[in-house]
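Sequence and computational prediction follow.
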Amino acid sequence: MELRQLRSFVRVVELNSMGRAAVELGLATSTLSQQISMLESELCTRLLQRRPTGVYPTDAGLDFWHQAQVILKQVDIAASVAQKGRLSGQVTVGMTGSTATMLALPFVQAMRESYPTVNVRLIEGLTSNLQVMLNSRQLDLAVVFGGIEAKRWSVIPLAEERLFIIGRPNLAGWPACSNTDGIRLSAIEQLPLILPGPGHALRSLVDEGFRTDGATPNVILEIDGAHTLMRAVRAGVGASVQPGSLLSSQAGFPSFGYGKDDDLAVIPVAGSRMARKCFLVSLSDDELSPAGLAARVMLTRMARKFAEQGIWLGATTSICPP
């Protein structure tokens with residue numbers, strides 16, 4: 001008796017159809033029928049019977065089906081335990097500050113739960129710095145923004161992230177906006193802004209947006225650290241143009257106090273170019289360790305889930321392959 005025979009039998013009973021089960025299992029109907037016949041011959045009893053409405057288990061088949069489910073569940077548990085035991089060592093993951101605010105803690109906790117013997121090391125930095133570290137093999141994988149030259153890297157699209165104007169509504173120059181689609185950057189030309197310094201990918205995107213609108217940003221302070229920048233915004237020093245990840249949080253994962261508790265106002269930035277593409281870049285599959293591969297799958301699923309469920313504010317998975 002083989003496990004594939006048990007899985008085939010269980011699926012036929014669940015679907016009450018030999019044909020539908022064959023399609024789901026990727027088998028020809030004749031092959032699936034042969035598997036069931038061999039199983040019945042080995043057990044010396046009839047397990048299935050055909051009726052006008054489909055295929056149903058006999059009394060013996062129903063008893064066997066219950067036991068087969070228990071066996072298959074135990075096999076899956078054993079495989080999971082073996083996999084967790086096999087995955088060990090360390091994986092080093094890089095994230096930008098804004099992405100780490102949203103993804104870092106959920107990712108680390110998910111890895112600890114699924115792969116307790118894998119040591120995860122997180123490094124925050126600018127996209128440009130993370131790419132350099134990946135090139136020098138200081139990182140196994142990194143979440144970065146902007147155009148990526150694949151070369152010897154593996155590149156997985158995660159999401160496209162919209163930008164928002166964030167600040168206190170009583171700030172001088174704060175725009176009145178009732179348009180849910182957002183406003184253009186030219187409408188906040190007089191608004192005092194706190195932005196990352198030159199060379200930061202987000203700053204380049206914002207500066208280009210102002211130039212496109214024929215306007216000049218009123219930058220009063222430059223801070224590269226996302227956490228410190230948002231503390232200044234919360235204190236009312238100025239507003240900022242930032243991605244939604246800085247305001248995003250999952251239930252149980254704090255967003256460092258950003259949002260309604262601080263009476264911050266949030267307005268989407270209009271314009272098709274005022275968004276940034278997010279990618280998960282890693283060493284090639286040949287170079288990535290089993291722990292690195294597991295972390296890559298975990299991070300990809302988590303980021304896309306957050307975008308699809310609205311946890312990642314302003315993010316969509318439109319750039320991801322179907």
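Right, received. Where do you want to start?

And for Ala159, the neighbour number?
With neighbours defined by other CB atoms under 10 Å, the count for Ala159 comes to 25. Placement of C-beta: from N, CA and C, glycine included.

same check, this time on Gly197
Residues near Gly197, counting by other CB under 10 Å, number 12.

doesn't Gln190 make contact with Asn218?
Yes. Applying CB atoms under 8 Å, one finds Asn218 in contact with Gln190, separated by 6.0 Å.

And the two? Which one has more around it.
Neighbour count, other CB under 10 Å: between Asn218 and Gln190, Asn218 has more, with 15 against 11.

I'd like the distance between that one and Ser88.
52 Å (CB to CB, to the nearest Å).

Repeat that for Gly292.
12 Å.

Give me the more crowded residue out of these two.
Under the neighbour definition other CB under 10 Å, Gly292 and Ser88 were set side by side, and Gly292 has more, 23 against 14.

Quick check: chain neighbours aside, which residue is closest to that one?
Spatial nearest neighbour of Gly292, excluding adjacent residues (CB to CB, 6 or more residues apart in numbering): Asp140 at 4.3 Å.

Regarding this structure, what is its longest strand?
Using DSSP state E, we find that the single longest strand of the chain is strand 154-167.

Okay, now the sheet partners of that strand, with direction.
strand 240-243 (antiparallel), strand 265-268 (antiparallel), strand 275-282 (antiparallel), strand 315-316 (antiparallel) (DSSP bridges).

Output it as PDB, nothing but the C-alphas.
This file holds the C-alpha atoms of strand 154-167, laid out as PDB (Å, rounded to 0.1, in the frame of the first residue of the first chain):
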ATOM      1  CA  SER A 154      16.700  36.500  -7.900                       C
ATOM      2  CA  VAL A 155      14.000  39.300  -8.100                       C
ATOM      3  CA  ILE A 156      10.400  38.800  -6.900                       C
ATOM      4  CA  PRO A 157       7.900  41.700  -7.200                       C
ATOM      5  CA  LEU A 158       6.000  42.200  -4.000                       C
ATOM      6  CA  ALA A 159       3.800  45.300  -4.300                       C
ATOM      7  CA  GLU A 160       3.500  48.800  -5.600                       C
ATOM      8  CA  GLU A 161       3.300  51.300  -2.800                       C
ATOM      9  CA  ARG A 162       1.500  54.600  -3.000                       C
ATOM     10  CA  LEU A 163       2.800  57.800  -1.200                       C
ATOM     11  CA  PHE A 164       0.900  59.900   1.300                       C
ATOM     12  CA  ILE A 165       1.200  63.400   2.700                       C
ATOM     13  CA  ILE A 166       1.400  62.900   6.500                       C
ATOM     14  CA  GLY A 167       1.200  65.600   9.200                       C
END
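
how far is that strand from where the chain is centred?
12 Å (CA atoms, centre = their mean, to the nearest Å).

Pull out the buried positions in that strand.
154, 156-167 (16 or more other CB atoms under 10 Å).

got those as CSV, with distance to Gln242 and pLDDT columns?
Listed next are the buried residues of strand 154-167 as CSV, based on distance: CB to CB, whole Å; pLDDT from 0 to 100:
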residue, distance to Gln242, pLDDT
Ser154, 28, 84
Ile156, 24, 87
Pro157, 21, 88
Leu158, 18, 88
Ala159, 16, 87
Glu160, 15, 87
Glu161, 10, 86
Arg162, 11, 86
Leu163, 7, 89
Phe164, 6, 89
Ile165, 8, 91
Ile166, 5, 90
Gly167, 10, 91
